[in-house]
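1. Need a 3D model of the sequence below.
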Amino acid sequence: MTAGSDGPAVAGGPARHIPVLVRRVVDWLAARDGGVYVDATFGAGGYARAILEIAGTRVIGIDRDESAIAAGAALVEQAQGRLVLAQGRFSDLETLVASCGVTAVDGVVFDLGVSSMQLDQADRGFSFRLDGPLDMRMGRAGPSAADVVAQASERDLAAIIATLGEERHARAVARMIVKARRQRAIDTTPGLAEIVARVVHAREGAIHPATRTFQALRILVNEELTELAHGLVAAECVLKPAGRLVAIAFHSLEDRIVKNFLIERSRLPAGSRHRPEVTAAPLTFRALTRRPEMPDDAETAANPRARSAKLRAAERTDAAARSATIDTLLPRLPSLADVMRGRA
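-> Okay, the predicted model is just below:
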């Protein structure tokens, strides 16, 4: 997640957006001459630019959004062979890295959530503050948020909004959506925001009533939590021994997945007097951050969207990557495909 800025130039010219905690990311990556790094959420290229400031580094930038890949063409040219862009989901990170002729890398960074570029484009349908179609698709493929709102059952909508949006009025919101869609299609961002505001009332100084519902739909439409879990497993597979993993999360669901993944991969399970011997797989990571790092007051003042950011970092051991099991990392919810088969 990034925010607009007229800040200092970096490799490849002035960046349109400033990435959150950029210097800490580069520090934790321990980027060095000759190292190969993956910016798994390329966006406006902020992290890639910062890494490329270090002479001799190479970067593979991945983004599912074709507009981000297209906008990065100038930086690719300016990087003179040190930057390669690949369009795709970071759940396919291992395959995408291999397609660039690379088998192992020295670092991977994930900047999770929606980008400022996407939020600020009305036609992408991410923001209730802008009048646009109710879309929210990062890759412009698959069901849109409008499709989910039109077809999901009331029960599924309530579960999605409660779990992914952490909205305590989820049942009332779902009930109101189902009632409203019987009258007319809900296919614009202000249309959905107005419906949510009928049952979630704003308090002075609080977030917009539709914030949590929009978050839930965006996460579902883009399968963000499943993507993250698969992406972390893929990073484990491509990182060299002593390679670094850095992830920045912007809400508790993302951060919980990163935290639990690193705990599972970096700590031995505790034994007890009843089961003193615990057989465990070799540890694949060594945690570098005991607690998540967060932006300081100066950064949050300059970039309000950074206020909820949490950075976690870990270093790869020389143990073989584990099998790609992610079920324990994810909340129990119907899949997007299952939701689209539902009907109230």
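2. Tell me where the model's unsure across this structure.
-> 1-18, 115-123, 125-126, 204-205, 270-279, 324, 343-344 (pLDDT under 70).
3. can we see that at 80?
-> Low-confidence segments of the chain, defined by pLDDT under 80: 1-18, 113-130, 140, 202-206, 269-280, 305, 324-325, 342-344.
4. where do the strands sit along it?
-> Under the criterion DSSP state E, strands of the chain are mapped to 2-4, 9-10, 13-14, 17-19, 36-39, 58-63, 83-87, 105-111, 239-249, 285-287, 310-316.
5. show me what contacts the residue nearest the centre of the chain?
-> The residue lying closest to the centre of the chain (CA atoms, centre = their mean) is Leu112, at 2.4 Å. By CB atoms under 8 Å, 6 or more residues apart in numbering, Leu112 lies in contact with 1, 41, 224, 228, 247-250, 254. Heads up, the C-betas are built off the backbone N, CA and C, glycines and all.
6. could you redo the last one with a cut-off of 6 Å?
-> 249, 254 (CB atoms under 6 Å, 6 or more residues apart in numbering).
7. Val38 versus that one, what's the distance?
-> 14 Å (CB to CB, to the nearest Å).
8. got TSV for the strands of the chain, with distance to Ala146 and mean neighbour count too?
-> Formatted as TSV, these follow (distance: least, CB to CB, whole Å; neighbours: other CB atoms under 10 Å):
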stretch	distance to Ala146	mean neighbour count
strand 2-4	26	20
strand 9-10	38	14
strand 13-14	36	11
strand 17-19	27	24
strand 36-39	31	28
strand 58-63	23	26
strand 83-87	24	20
strand 105-111	27	26
strand 239-249	27	23
strand 285-287	40	18
strand 310-316	31	23
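9. Ala162: which of these is closest?
-> Set against Ala162 and scored by CB to CB, the strands of the chain come closest in strand 239-249, at 19.8 Å.
10. picking up where we left off before, of the strands of the chain, which approaches Pro190 most closely?
-> It is, among the strands of the chain and with distance given as CB to CB, strand 2-4, at 23.0 Å.
11. Bridged to the closest residue to Ile69 other than its chain neighbours, which residues?
-> Excluding the flanking residues, the one nearest Ile69 by CB to CB, 6 or more residues apart in numbering is Gln87, at 4.7 Å. Taking DSSP bridges as the rule, Gln87 bridges to Asp63.
12. how close does Gln87 sit to Glu194?
-> Counting by CB to CB - Gln87 and Glu194 are separated by 35 Å.
13. Please apply the same query to Arg244.
-> Arg244 is 45 Å from Glu194, by CB to CB.
14. can you give me how far stretch 163-173 is from the chain middle?
-> 21 Å (CA atoms, centre = their mean, to the nearest Å).
15. got the contact list for that stretch?
-> With contact meaning CB under 6 Å, 6+ apart, stretch 163-173 is reached by 158, 161-162, 196, 199-200, 212-213, 215-216, 219-220, 331, 333.
16. Closest one to Met176 out of these, please.
-> Val199 (5.1 Å).
17. can you tell me how far the closest residue to the closest one other than its chain neighbours sits from Val196?
-> Spatial nearest neighbour of Val199, excluding adjacent residues (CB to CB, 6+ apart): Ala172 at 4.2 Å. From Ala172 over to Val196 the distance is 9 Å, taken as CB to CB.
18. more crowded one of those two?
-> Val196 (24 against 16; other CB atoms under 10 Å).
19. so the more buried one touches Ala210, yeah?
-> Yes: between Val196 and Ala210 there is a contact under CB atoms under 6 Å: 4.3 Å.
20. who's in contact with Leu245?
-> Here Leu245 is in contact with 108, 235, 314 (criterion: CB under 6 Å, 6+ apart).
21. Check the gap between the second one and Ala309 for me.
-> Right, the one you point to is Ala235. Taken as CB to CB, the span from Ala235 to Ala309 is 19 Å.
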